[in-house]
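J.: turn this into a model:
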Amino acid sequence: MKAGLVLLLAQPLLALKILCLHGGGGSASSFENDAGIVALQNELGSGYEFVFAQAPYTGSLWMRDPPGGKESATTDPDWAADSISTLDQIVQDQGPFYGILGYSQGSAFAPVYLSTVATGTFQVALLFCGYVPTTHT
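T.: Residues are numbered from 1 along each chain as shown. All right, here's what the predicted structure looks like:
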């Protein structure tokens, strides 16, 4: 009986949540089923819960191209406001979160989102195959 109790106490009380942002043109469901994400979840084990967000803009984008095209950057601070609102709602409804994970455009958008939330909202950021967006200054 004591061994069972020790094992129970060794298990985390709550899984640490990680908010996942798919790449541009992808989707929350395709990202959730991606072989790399599945492998990461298996490696981390049951102590982590991945929450997959869906980008709100047409084409499954976190950031749209600027009005003048990719050749002219936008300085509009609200250019990705729908994405920020979408993630704010997920954080409010499903938080707290331990980390944020982004792939490709999701990785490029994660720092944009992090700049809008309170310090401590996330303890870690995991960014894969990202880039620095030059079209949104």
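J.: pLDDT of the strand or helix carrying F109, averaged?
T.: Assessed by DSSP states H and E, F109 sits inside helix 105-114. Helix 105-114 comes out with an average pLDDT of 96.
J.: if you count neighbours, what's buried in it?
T.: Q105, G106, S107, A108, F109, A110, V112, Y113 (16 or more other CB atoms under 10 Å). No exception for glycine: its C-beta is placed from N, CA and C like everyone else's.
J.: closest to L61 among these?
T.: Distance to L61, by CB to CB, is smallest for Q105 among the buried residues of helix 105-114, at 6.7 Å.
J.: pull up the gap between that closest one and P111, please.
T.: 12 Å (CB to CB, to the nearest Å).
J.: likewise I100?
T.: From I100 to P111 the distance is 9 Å (CB to CB).
J.: list the residues that contact both of these two?
T.: Residues touching both I100 and P111 (CB atoms under 8 Å, 6 or more residues apart in numbering) are A125.
J.: now Y57: closest residue in space that isn't a chain neighbour?
T.: Distances taken as CB to CB, 6 or more residues apart in numbering place R64 nearest to Y57, at 5.1 Å, with adjacent residues excluded.
J.: which residues sit against stretch 20-39?
T.: Contacts of stretch 20-39 (CB under 8 Å, 6+ apart): 50-55, 59-63, 87, 100-107, 109-110, 113, 128-129.
J.: restricted to strands, list the residues you listed.
T.: Residues of the contacts of stretch 20-39 located in strands (DSSP state E): F50, V51, F52, A53, I100, L101, G102, Y103, F128.
J.: nothing else from me, thank you.
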